[in-house]
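Student: after the sequence you'll find the predicted model.
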Amino acid sequence: MPRSVAARRILEITGKQVPPELEGQSEDVFTLEEEGGALYIRARVNGVDGRFLLDTGASALSLYRSATRRFNVGPSARTAEIQTANGDIQVPVAHGELELGKHKVANVTIMLIPDGSDHGIDGLFGLEALHVLNAEIERGNRRLVVRGKGAL
């Protein structure tokens, strides 16, 4: 018998049991800031608050190089090739802890990118960050719904 009200309701409607590991799963909703058609999210990297452009065209979480010291992020020996509006470039790769509300992801890949023209942000919140948090963008509501690591 399902333990949660939501699981019982799903059973009533669909006739299917919710897997026990998903019964206690909750989702968090974060309001996105909007400026000029772009969406921004506030998150923490290595325990430091930052403001990031939500960029589904970016593959990974990216920090501007000028922000790396503040976030205590240093490059590893690895580099990666990324595509930019000005062509392909090689950038240093780092790792750190990403936090969004109660959700924490250790050892997330961080690309260290050249500084951009928007000095009001620390970097880009890319697809990998959305994926590891199991997050979904609700653009019309200016919300980010996060279901947490390992969720379906």
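Tutor: Happy to help now that I have it. Numbers count the residues shown, from 1 in each chain.
Student: switch to C-alpha atoms for all contacts and neighbour counts from now on
Tutor: Fine.
Student: what residues are bridge-paired with Leu53?
Tutor: On the basis of DSSP bridges, Leu53 takes part in beta bridges with Tyr40, Leu124.
Student: list the contacts of Gly148.
Tutor: The neighbours of Gly148, taking Cα atoms under 8 Å, 6 or more residues apart in numbering as the test, are 27, 103, 132-135.
Student: relative to Glu138, how far out is Gly37?
Tutor: When Cα to Cα, to the nearest Å is applied, the distance between Gly37 and Glu138 equals 14 Å.
Student: please read the previous query as pertaining to Gly123.
Tutor: As judged by Cα to Cα, Gly123 and Glu138 stand 21 Å apart.
Student: so for these two, which residue has more residues nearby?
Tutor: Neighbours were counted for Gly123 and for Glu138 using other Cα atoms under 10 Å; Gly123 has more, 29 against 13.
Student: ok, that one - contacts?
Tutor: Applying Cα under 8 Å, 6+ apart, one finds that Gly123 lies in contact with 51-53, 61-64.
Student: go with 7 Å
Tutor: The contact partners of Gly123, by Cα atoms under 7 Å, 6 or more residues apart in numbering, come to 52-53, 62-64.
Student: what does Ala106 give?
Tutor: Per Cα under 7 Å, 6+ apart, neighbours of Ala106: 96-98.
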